[in-house]
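Student: Give me coordinates for this.
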Amino acid sequence: MRRALLTFAALTLASSIASAHDLPRTPITQSPMGPLIDVTGAWTDYQPADAFCVKPDVYQLTGIGPTVTGADPDCAFSGFAPGDSGLVKIEVQTPPLCNGCRRLFMDYAKIPANEPGVRYAHGHAYFHYGSFNPTYTVEPIAHSPNVKNFSNDKLVVPEGSPQEPLVWAFDLHNRTYTGNTTHVVHSEIQGPYYTGPWYMNDQGERITGAYLDINVANDLGPLALDHRLNEIAYFAAFHSGETTCPDELSDTYADGDGFYGGCIDAIGIGREVIDPFA
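Tutor: Numbering: from 1, shown residues only. As a prediction, this is how the structure comes out:
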């Protein structure tokens, strides 16, 4: 495991300075959360609806909060039938794409099945958008509502709390999130965001995947020493869905999720490397 982590760290650095074609396909350069795509030119197609419904589908340690049925207009908008129950209404006002930002989308719909010796994300995952350009930022609410960062977790960072501005400033540069590529999880005490494989856009379509809006406009601009220093790639640690994690060893906790977390049994890097200035 130590050797794998060292290899992962080395490839993490390489993923930020090499083009996509320079990343050989290996068990940990497999784009585990799907290909990374720049959808800036069609960003409105990915803009989340302000209100829609999801259905949590795994055991979790926290309450999901008040539930509604498919008779609710926002749930009908989300494709649920009137008799569907146990639905949670998600109400998040996601900002539009900001000036100078690129909307980079991970396409969960293209995550392959696991192969011998190669694992992909089929459960909860932690991911980071990395680059050698230190000026890139992501506003802590400038992402699809089906992923979470530290600053929008209201259990540890309540609205108006003393730690809120400090955590916000940290998250602005951190670009690290948690999500779930297979199951829907919602924890009422952690705020209005959730983790899951899809969200509704404002046109009434399910979007399978997640995005961050990365602000690449800054005083320094692109780093001129080597254009590859400006490139962006993601890397992730995740649950592969295999029966190698404690989550899978109990009928009670099968595929379970505790506070948007759980066992991690694999790592990987997105092979697609995006130069926002190209």
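Student: Surely Glu105 and Thr40 touch.
Tutor: No Glu there; residue 105 is Phe. No: taking contacts as Cβ atoms under 8 Å, Phe105 lies outside contact range of Thr40: 9.4 Å. All C-beta atoms are positioned from the backbone trio N, CA, C, and that covers glycine.
Student: more crowded one of these two?
Tutor: For Phe105 versus Thr40, the count of surrounding residues by other Cβ atoms under 10 Å is larger for Phe105: 22 against 18.
Student: what pLDDT does that one get?
Tutor: Each residue has a pLDDT score; the one for Phe105 is 98.
Student: Do you have the strands of the stretch 151-278 of the chain handy? List them.
Tutor: Along the stretch 151-278 of the chain, the segments classed as strands by DSSP state E, counting those that start in this stretch run 176-180, 198-200, 206-208, 210-215, 233-238, 266-269.
Student: Pipe those strands into a markdown table and attach distance to Gln190, mean pLDDT and mean neighbour count per row.
Tutor: What follows is the strands of the stretch 151-278 of the chain, written out as a markdown table (distance: least, Cβ to Cβ, whole Å; pLDDT from 0 to 100; neighbours: other Cβ atoms under 10 Å):
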| stretch | distance to Gln190 | mean pLDDT | mean neighbour count |
| --- | --- | --- | --- |
| strand 176-180 | 11 | 95 | 24 |
| strand 198-200 | 17 | 98 | 23 |
| strand 206-208 | 22 | 98 | 18 |
| strand 210-215 | 17 | 97 | 25 |
| strand 233-238 | 20 | 96 | 24 |
| strand 266-269 | 25 | 96 | 25 |
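Student: Export those strands to TSV and append columns for distance to Leu97.
Tutor: Shown next, in TSV, are these (distance: least, Cβ to Cβ, whole Å):
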stretch	distance to Leu97
strand 176-180	18
strand 198-200	16
strand 206-208	15
strand 210-215	6
strand 233-238	19
strand 266-269	26
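Student: closest to Phe127 out of those?
Tutor: Closest to Phe127 of these, according to Cβ to Cβ: strand 233-238, at 4.0 Å.
Student: what about Gly83, is that helix, strand or coil?
Tutor: Counting by DSSP: H, G, I helix; E, B strand; the rest coil, the backbone at Gly83 sits in coil.
Student: OK, contacts around it?
Tutor: When contacts are counted by Cβ atoms under 8 Å, 6 or more residues apart in numbering, Gly83 touches Thr69, Gly70.
Student: got it, and Ala76?
Tutor: By Cβ under 8 Å, 6+ apart, Ala76 lies in contact with Gly70, Pro82.
Student: Okay, it and Ile207: tell me how far apart.
Tutor: 18 Å (Cβ to Cβ, to the nearest Å).
Student: Compare the strands of the stretch 151-278 of the chain and give me the one nearest Ala113.
Tutor: strand 266-269 (13.6 Å).
Student: What pairs with that closest one, parallel or antiparallel?
Tutor: Paired neighbours of strand 266-269 in the sheet (DSSP bridges): strand 233-238 (antiparallel).
Student: The partner strand to strand 176-180, inter-axis angle?
Tutor: 50 degrees (axes from the mean of the first three to the mean of the last three Cα atoms, to 10 degrees).
Student: Go through the strands of the stretch 151-278 of the chain and name the closest to Thr67.
Tutor: Closest approach to Thr67 among these is made by strand 198-200 (17.4 Å; Cβ to Cβ).
Student: ok, residues contacting that closest one?
Tutor: 48-49, 52, 77-78, 90, 108, 144-146, 206-210.
Student: So how do I select the buried members of those residues in PyMOL?
Tutor: Only the buried entries of the contacts of strand 198-200 go into this PyMOL selection, using 16 or more other Cβ atoms under 10 Å:
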select buried, resi 48+49+52+78+90+108+144+145+146+207+208+209+210
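Student: So which of the contacts of strand 198-200 sit within helices?
Tutor: Assigned to helices by DSSP state H, the following of the contacts of strand 198-200 qualify: Phe77.
Student: Between which two of the contacts of strand 198-200 is the distance greatest?
Tutor: Phe77 and Tyr108, at 21.1 Å, using Cβ to Cβ across the contacts of strand 198-200.
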